[in-house]
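J.: here is my input, please return the structure:
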Amino acid sequence: FEARTPILGFNVPEALLLGNSGRSLYNSVQLGLSKRMSSGVQFNVAYTYSRSKDTSSADPGSTAGGGKPDAPNTGFVVQGDNRDLDANYALSDFDRPHRLSGSWVWNLPGSGLLGGFRFSGFVQMQSGLPYSIYSVEPELGNASQYRDLVRGSGGLYRFGFGRPSLCGSLDDLQQHGDDPTEAAFNRSVLCSPTSPEGGYPNNRGVGNLGRNVLRGFWQRRVDLSIAKAFSLGGARNIELRWDVFNVFDTVNYALPENVIGAATTDFGKITNSVGGPRVMQLGARLRF
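T.: As a prediction, this is how the structure comes out:
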């Protein structure tokens, strides 16, 4: 089936054809509010509402992913039909429609044991990242594999990163299970594009599932710091501080396994988190 390419004998996934054919568009509304230190209070708040779309979010000629075309990575080979690059025009891999960040400092007035405390912190909330579902270098070995989701997603021309077809509604696909870490999306509505259910032969064996039609979960984090300085006489003092990162011990999910037929059996599952758990640290600073 290596011969089933537009050019006889041309090994598609192992070769590159580079061109200035990509396009991208970014629009945003950016709002900010800040207050300089007065009356012991200072804060900064920033919010961005945006939309970023492109045909590819990484240079296809890069060595992202270790420079191995055989492995899923953001470089080398675009998703889907390589003869119709514009069909990949969709949300960028880094698109985050909502992003809110803020920081503050509050110096309590007074002196003595109960006065002179400084509270500061940082908060960040942002939309999850979009992602695609695809099969890596699917290669048909015989006619019976046309209906196979993993093999058939490569289409007749063995696309490097072939996307499957959607045999149901997009809303159905976006439904996650009661435990999203075990079922981040509904994989039962996916089917092989080289099967009648997937649209063959009218779709030429190309999956109808779009690029980056799924999105990961929201991410949020709050950090807090409490500090107090004690005078040691003259210009000398010592500051004691307590820092807490991820105060509420929020679990921020990473993207699920989105490669059909990966070496593991974790397709559709979330196996990692980002940002880390709650961490505390104590510090002391001597000024003289």
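J.: what ranges of this protein fall below the confidence cut-off?
T.: Applying pLDDT under 70 to the chain flags residues 1-19, 59-77, 112, 262-264.
J.: repeat that with 80
T.: When residues are selected by pLDDT under 80, those of the chain lie in 1-21, 58-78, 82-83, 110-115, 137-141, 155-160, 262-264.
J.: in it, which spans are helices?
T.: According to DSSP state H, the chain carries its helices in the segments 149-152, 170-174.
J.: residues touching residue 244, list them.
T.: Neighbouring residues of residue 244 by CB atoms under 8 Å, 6 or more residues apart in numbering: 223-225, 278-280. Any C-beta I mention is one placed from the backbone N, CA and C, and that applies to glycine too.
J.: looking at those, which two lie furthest apart in space?
T.: Spanning the widest gap among the contacts of residue 244 are 225 and 278, at 13.8 Å by CB to CB.
J.: neighbour count winner among these two?
T.: Shown here are residue 225 and residue 278; by other CB atoms under 10 Å, residue 225 has more neighbours (17 against 12).
J.: with respect to residue 120, which of the contacts of residue 244 is nearest?
T.: Relative to residue 120, the closest of those is residue 225; by CB to CB it sits at 4.7 Å.
J.: quick one: that closest one and residue 117, what's the gap?
T.: Plainly put, residue 225 is 11 Å away from residue 117 if you go by CB to CB, to the nearest Å.
J.: what segments of the stretch 1-150 of the chain are strands?
T.: Secondary structure of the stretch 1-150 of the chain by DSSP state E, counting those that start in this stretch: the strands cover 24-38, 41-54, 90-91, 98-107, 117-126, 130-131, 134-136.
J.: circling back: among the contacts of residue 244, which are located in strands?
T.: 223-225, 279-280 (DSSP state E).
J.: only whichever of these are buried, select them in PyMOL.
T.: Burial among these is assessed by 16 or more other CB atoms under 10 Å; the matching PyMOL selection reads:
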select buried, resi 223+224+225
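J.: and for the residue nearest the centre of the chain, nearest residue in space, chain neighbours not counted?
T.: The centre of the chain sits closest to residue 129, judged by CA atoms, centre = their mean, with a distance of 3.5 Å. Sequence neighbours aside, residue 216 is the residue nearest to residue 129 in space, at 5.1 Å (criterion: CB to CB, 6 or more residues apart in numbering).
J.: and residue 26, what does it touch?
T.: Contact analysis of residue 26 by CB under 8 Å, 6+ apart lists 50-53, 92.
J.: and the contacts of residue 244 as TSV, adding distance to residue 194?
T.: Shown next, in TSV, are the contacts of residue 244 (distance: CB to CB, whole Å):
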residue	distance to residue 194
223	50
224	54
225	57
278	48
279	49
280	55
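J.: tell me the one of the residues you listed nearest residue 109?
T.: Distances from residue 109 to the contacts of residue 244, taken by CB to CB, are shortest for residue 225, at 18.5 Å.
J.: what's opposite the closest one in the beta bridge?
T.: Applying DSSP bridges to residue 225 gives these bridge partners: residue 120, residue 243.
J.: kindly report the same for residue 239.
T.: Beta-bridge partners recorded for residue 239 (DSSP bridges): residue 229, residue 285.
J.: which ones are touching it?
T.: Counting by CB under 8 Å, 6+ apart, residue 239 has contacts 227-230, 284-285, 287.
J.: now distance to residue 211 and neighbour count too, for the residues you listed, in CSV please.
T.: Shown next, in CSV, are these (distance: CB to CB, whole Å; neighbours: other CB atoms under 10 Å):
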residue, distance to residue 211, neighbour count
227, 47, 18
228, 52, 16
229, 54, 15
230, 58, 11
284, 52, 8
285, 50, 11
287, 55, 10
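J.: between which two of the residues you listed is the distance greatest?
T.: Top of the distance list for the contacts of residue 239 (CB to CB): 228 and 287, 13.1 Å.
J.: distance check, residue 181 against residue 249.
T.: Counting by CB to CB - residue 181 and residue 249 are separated by 16 Å.
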